[in-house]
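> Quick check, what structure comes out for this input:
(one chain, ligands or ions: 1)
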Amino acid sequence: MSHDRLLRALAREPVDATPVWLMRQAGRYLPEYRKLREQAGSFLTLCQNPELACEVTLQPLRRFDFDAAILFSDILTIPEAMGLGLHFVAGEGPHFHHPVRTPDEIARLTVPDIDRELGYVPAAVELIRRELDGRTPLIGFAGSPWTLATYMVEGGPSKNYAHIKKLMYDAPEALHQLLDVLARSVAAYLNAQIAAGAQAVQIFDTWGGVLTPAGYREFSLAYMQAIVDALEPAPDGSRVPAILFTKGGGPWLESMADTGAAALGLDWTIDIDAARARVGDRVALQGNLDPAVLHARPAVIREHVRDVLARFGDGPGHVFNLGHGVTPDIKPDHVAALVDAVHEFSAR
Ligand code: 1CP
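Sure thing, here's the model as predicted:
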């Protein structure tokens, strides 16, 4: 039953072993990814070509015994489809040619036509489902409205979020307008992934943790709630589980669980037993090994895996993952040690 471990764990049903997948399990730490990216010419080409996106999605599953595939794409496809001009600067990550900073610029944004502007994403989902042929479930994803807005307003990665926080404090109604158009876009985008076959969806709120508690509720959580409420059933009529991951969201787990999400993603700044004691049987928990543990030697990795499993304890509802993504400098053998240790130590 390894093919349904992930979906059973998200539904808090018993499993034969704890399912494991890793954020950024496809990508630069894999030589076969680097080779394909070089051939393709750019990261965006990989995302926008369904055959290549499918190939990159499957690469880590050929090497490791992962219990889920995650669509290879990026959260910034939505602002790219809104016309902001996404490009990548070597060593600096993603940037936009046209950031949005003023109420006028925000007022001009509209929800992209998914079929016309982002049709390559559901096309990739369909192709991946066909290739996986029921062996492994497929997770779709999107960025949270707040996290997308940080990139759109800052113009790229940021250290202190000066531009978006100025907007938040000086012109909150303009920021709400931006977050509203993003929430409607993300809901349509995730629903297109679900219609194409995504069996679970994760919302990445990578930068929700830079907000105050009140700011988090008003500018991040409220819009993730709107998305969870707008998710449609799978083509077979079943409910598709949503996973909410706010990096730095440890203080707010109770209100995250109130959204109706099936699972919460935990970073490494909270112990999973403490998180479980707070949200208990309301949601499944995903996480939460410190990604830096993957630098250590395999015997050490195994002990830290054992610790996270022991802290979660018995009972249903654990999906093993890192507290954030695999970094490009990790040795593939170390990922194998992690995955095998999860299955070995959790086998029922
Ligand atoms: O080859 C390259 O140089 C591109 C590197 C890269 C990759 C492999 C980027 C650019 N995006 C991705 C893939 C990606 N991005 C996935 C693939 C599926 C997987 O295997 O997990 C996913 C889920 C994302 C999501 C994503 N993109 C997030 C949320 C998750 C997280 O890591 O916090 C964020 C914040 C982004 C923005 C982004 N895109 C790329 C980079 C390097 C970044 C981060 C920039 C920053 O540090 O602010």
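
> Now the stretch 51-200 of the chain against the ligand: closest residue?
Pro157 (3.3 Å; C-beta to the nearest ligand atom). Just so you know, the C-beta spots here come from the backbone N, C-alpha and C atoms, and that holds for glycine as well.

> That residue: how many residues sit nearby?
Pro157 has 13 neighbours, counted by other C-beta atoms under 10 Å.

> That one contacts Glu92, correct?
Yes. Applying C-beta atoms under 8 Å, one finds Pro157 in contact with Glu92, separated by 7.2 Å.

> List phi and psi for Val201.
When read as degrees, to the nearest 10, the backbone of Val201 gives phi -130, psi 140.

> which residues touch it?
Neighbour list for Val201: 139-142, 190, 193-194, 231, 240-243 [criterion: C-beta atoms under 8 Å, 6 or more residues apart in numbering].

> same thing with Trp21?
Counted by C-beta under 8 Å, 6+ apart, Trp21 has contacts 6, 66-70, 139, 319, 321.

> hmm, 6 Å instead?
By C-beta atoms under 6 Å, 6 or more residues apart in numbering, the residues touching Trp21 are 66-68.

> Of these - the most surrounded one?
That'd be Asp67 among those, by other C-beta under 10 Å, with 27 neighbours.

> Which residue, neighbours along the chain excluded, lies closest to that residue?
Pro19 (3.6 Å; C-beta to C-beta, 6 or more residues apart in numbering).

> again, but for Pro291
Ranked by C-beta to C-beta, 6+ apart and with sequence neighbours excluded, the top spatial neighbour of Pro291 is Leu322, at 4.5 Å.

> and that neighbour, bridged to which residues?
Leu289 (DSSP bridges).

> Any residue of stretch 315-331 touching the ligand?
Yes. Stretch 315-331 is in contact with the ligand by C-beta under 6 Å from any ligand atom, via Gly325.

> Pull out the buried residues from that stretch.
317-326, 330 (16 or more other C-beta atoms under 10 Å).

> Nearest to the ligand, out of these: which one, please.
Gly325 (4.1 Å).

> my guess is the closest one meets Leu22, correct?
No. Gly325 is beyond contact range of Leu22, at 7.5 Å (criterion: C-beta atoms under 6 Å).

> All the strands of the stretch 101-250 of the chain, residue numbers only.
Using DSSP state E, counting those that start in this stretch, the strands of the stretch 101-250 of the chain run over 138-143, 200-205, 242-246.

> thinking again about what came up before, let me have the contacts of Trp21 in JSON lines, adding secondary structure as columns.
Listed next are the contacts of Trp21 as JSON lines, based on DSSP: H, G, I helix; E, B strand; the rest coil:
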{"residue": "Phe66", "secondary structure": "coil"}
{"residue": "Asp67", "secondary structure": "coil"}
{"residue": "Ala68", "secondary structure": "coil"}
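
> Including mean pLDDT and distance to Tyr120, could the strands of the stretch 101-250 of the chain go into a markdown table?
Formatted as a markdown table, these follow (pLDDT from 0 to 100; distance: least, C-beta to C-beta, whole Å):
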| stretch | mean pLDDT | distance to Tyr120 |
| --- | --- | --- |
| strand 138-143 | 98 | 13 |
| strand 200-205 | 98 | 18 |
| strand 242-246 | 98 | 23 |
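
> With distance to Ser220 as extra columns, can I get those strands in a markdown table?
A markdown table is the format used below for the strands of the stretch 101-250 of the chain (distance: least, C-beta to C-beta, whole Å):
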| stretch | distance to Ser220 |
| --- | --- |
| strand 138-143 | 11 |
| strand 200-205 | 6 |
| strand 242-246 | 7 |
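
> got a pLDDT number for the residue nearest to Asp67?
For Pro19, the pLDDT comes out at 98.

> In terms of pLDDT, where does the nearest residue to Leu127 once chain neighbours are set aside sit?
Counting by C-beta to C-beta, 6+ apart, Cys54 is the residue found nearest to Leu127 once chain neighbours are left out, at 4.5 Å. The model reports Cys54 with a pLDDT of 98.

> What distance do you get for Cys54 to Leu138?
Going from Cys54 to Leu138 by C-beta to C-beta, to the nearest Å gives 10 Å.

> Identify the contacts common to the two.
Counting by C-beta under 6 Å, 6+ apart, the shared contacts of Cys54 and Leu138 are Ile128.

> Could you confirm whether the lengthiest helix in the chain reaches the ligand?
Assignment by DSSP state H gives helix 172-196 as the longest helix of the chain. No. Helix 172-196 lies out of reach of the ligand by C-beta under 6 Å from any ligand atom, never closer than 12.2 Å.

> how about that helix: buried residues?
174-176, 178-196.

> okay, the angle between it and strand 200-205?
Per axes from the mean of the first three to the mean of the last three C-alpha atoms, to 10 degrees, the angle that helix 172-196 makes with strand 200-205 is 160 degrees.

> how about Pro50, what does it touch?
When contacts are counted by C-beta under 6 Å, 6+ apart, Pro50 is found next to 120, 123-124, 127.

> ok, and of the contacts of Trp21, which contact the ligand?
Answer for the contacts of Trp21 near the ligand: none qualify (C-beta under 6 Å from any ligand atom).

> Make TSV out of those and add pLDDT.
Output for the contacts of Trp21, formatted as TSV (pLDDT from 0 to 100):
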residue	pLDDT
Phe66	98
Asp67	98
Ala68	98
